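Asks: Dropping a prediction and its sequence here:
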There are 2 protein chains.
Amino acid sequence: MSNLAGSIELYIRRLLAASPNAAIHLQRKELAEHFACVPSQINYVLSTRFTPERGYLVESRRGGGGYLRIRKLDLNRDKVLQLLELRQSLTGQNLSLQKATDFVCRLVEARLVTRREGLLMNAVISLEQQKRDDALEIVRGLMLARMIEVLLHEI
Amino acid sequence: MSNLAGSIELYIRRLLAASPNAAIHLQRKELAEHFACVPSQINYVLSTRFTPERGYLVESRRGGGGYLRIRKLDLNRDKVLQLLELRQSLTGQNLSLQKATDFVCRLVEARLVTRREGLLMNAVISLEQQKRDDALEIVRGLMLARMIEVLLHEI
DNA sequence: GGTAATATAGTCAGTGAAGGTCAAAGAGGG
DNA sequence: CCCTCTTTGACCTTCACTGACTATATTACC
């Protein structure tokens, strides 16, 4: 593994392996210093090697006392594969409202998501899109409100 | 918790947990002295950690004998309905990503939604908004994909 | 009672310390 | 030579913390 990205990947994987709970907590800056590279190199490694598809979850925080938290998730292989295929079939794909709700239906039937979760998904994907011109904050509020509203019928 | 703000947050939360009625009464100045920081640091902690979105209510009084009173409010179905009405009556209210996720977090804590459902909500409300220029169908696919991706971490 | 002094708490803008993004240059393999 | 993966650095956003200034109670004194 002669390249930098590979070395950093290996290093992180070893830390993870040595961690009792398969999770590590570190600082981007320090890691970069350890490898004598620019900090953004760490982002490159994380975004190419520690992806959800590979079963990793990366969380972070900016500002003073900022950090990176990397977790290795242990997943039920079959279900993951199913969902992953579904997910990949969706990204960037054109999807009419009808098809989208059909799809959610199938997820529920296959017991990959609960009925309530299905309701949530439908609530969001069926939101009217005229909201696209609104400010981001407003859209967020609308989505939250819609999701909660749907769940309220189920509580 | 290496941050000052984090330490203060923890300290207050412990006081609250130890309090029989989930309410505490203290002085800003004394708290600041306890942590050897400027008093306004306490305001910072209160305004970022003990917000209504997280279910806290902070009251205060200035002048001699001034104080801070911090309460943790419990959230039930009726409260959600109220909040929802409030939100819907205020369509166009700003809602930062931070506040939105805080609120979802609170819903989960109050057991009004499951952890998975909370993850779904967060997945959608945190979607980057550059997608606003994309066609409606694509946005739908992205939302679904994002929701599924998040569920993957939970299987 | 009115007013000045004192004792609190609130606000806000500035500074510094993280991490994030993106585009362009570099390196290697077919 | 071309394509892909890697590496870098300039610029951006978020978070933490501070201190000067402001606002509001209470207390003391006349």
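Replies: Structure received.
Asks: Let me know how buried the closest residue to A:V113 other than its chain neighbours is, in neighbour terms.
Replies: Nearest residue to A:V113 in three dimensions, chain neighbours excluded: A:L107, at 4.7 Å (Cβ to Cβ, 6 or more residues apart in numbering or on different chains). Where C-beta positions appear, they are placed from N, C-alpha and C, glycine not excepted. Residues contacting A:L107 under the criterion other Cβ atoms under 10 Å in any protein chain shown number 22.
Asks: got the CA coordinates for stretch A:47-56 in PDB?
Replies: Below are the C-alpha coordinates for stretch A:47-56, written out as PDB (Å, rounded to 0.1, in the frame of the first residue of the first chain):
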ATOM      1  CA  SER A  47     -15.400   9.600   1.600                       C
ATOM      2  CA  THR A  48     -13.800   7.000  -0.600                       C
ATOM      3  CA  ARG A  49     -13.100   4.200   2.000                       C
ATOM      4  CA  PHE A  50     -15.400   4.600   4.900                       C
ATOM      5  CA  THR A  51     -18.700   4.900   3.100                       C
ATOM      6  CA  PRO A  52     -22.100   3.500   4.200                       C
ATOM      7  CA  GLU A  53     -21.800   1.000   1.400                       C
ATOM      8  CA  ARG A  54     -18.800  -0.400   3.100                       C
ATOM      9  CA  GLY A  55     -20.600  -0.400   6.400                       C
ATOM     10  CA  TYR A  56     -19.100   2.600   8.100                       C
END
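Asks: Flag every buried residue along it.
Replies: Residues of stretch A:47-56 classed as buried by neighbour count (16 or more other Cβ atoms under 10 Å in any protein chain shown): A:R49, A:F50, A:P52, A:G55, A:Y56.
Asks: separation between the fourth one and A:R71?
Replies: In this structure, A:G55 and A:R71 are separated by 9 Å, where distance is defined by Cβ to Cβ, to the nearest Å.
Asks: What pLDDT does the model give the closest residue to DNA strand D within chain A?
Replies: In chain A, no residue comes nearer to DNA strand D than A:G63, which is 2.4 Å away by Cβ to the nearest atom of the strand. With respect to pLDDT, A:G63 scores 92.
Asks: Going by secondary structure, it is in what exactly?
Replies: Following DSSP states H and E, one finds A:G63 outside all helices and strands.
Asks: Can you tell me which residues in chain A are near DNA strand C?
Replies: Chain A comes close to DNA strand C at residues A:27-29, A:39-40, A:42-44, A:60-68, as judged by Cβ under 7 Å from any atom of the strand.
Asks: let's see it at 10 Å
Replies: Residues of chain A found near DNA strand C (Cβ under 10 Å from any atom of the strand) are A:2-3, A:25-33, A:38-44, A:46-47, A:58-69.
Asks: returning to that earlier point: and the residue nearest to A:V113, what element?
Replies: Here A:L107 sits within helix A:97-109, counting by DSSP H and E.
Asks: Restricting to C-alpha, output the helix or strand following that helix in CSV.
Replies: Using DSSP H and E, the next helix or strand after helix A:97-109 towards the C-terminus is helix A:115-125. What follows is helix A:115-125, C-alpha atoms only, in CSV (Å, rounded to 0.1, in the frame of the first residue of the first chain):
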residue,chain,number,x,y,z
ARG,A,115,-45.9,0.5,8.5
ARG,A,116,-45.2,3.7,10.3
GLU,A,117,-41.9,4.1,8.6
GLY,A,118,-43.6,3.7,5.3
LEU,A,119,-46.1,6.4,6.2
LEU,A,120,-43.2,8.7,7.0
MET,A,121,-41.6,8.1,3.7
ASN,A,122,-44.8,8.6,1.8
ALA,A,123,-45.5,11.8,3.7
VAL,A,124,-42.3,13.3,2.6
ILE,A,125,-42.1,12.1,-1.0
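Asks: does any bit of helix A:115-125 sit next to chain B?
Replies: Yes: using Cβ under 8 Å from any Cβ of the partner chain, helix A:115-125 reaches chain B at A:R116, A:E117, A:L120, A:M121, A:V124, A:I125.
Asks: just the buried members of the residues you listed?
Replies: Among the residues of helix A:115-125 next to chain B, the ones that count as buried by 16+ other Cβ under 10 Å are A:R116, A:E117, A:L120, A:M121, A:V124, A:I125.
Asks: Quick check: closest non-adjacent residue to the fourth one.
Replies: Of all residues beyond its chain neighbours, the one nearest A:M121 is A:V104 (4.8 Å), with distances taken as Cβ to Cβ, 6+ apart.
Asks: surely the one you found meets A:G118?
Replies: Yes: at 5.1 Å, A:V104 and A:G118 qualify as touching, with contact defined as Cβ atoms under 8 Å.
Asks: Where strands are concerned, which of the residues of chain A next to DNA strand C count?
Replies: The strands, defined by DSSP state E, take in A:H25, A:L26, A:V58, A:E59, A:S60, A:R61, A:Y67, A:L68, A:R69 from those.
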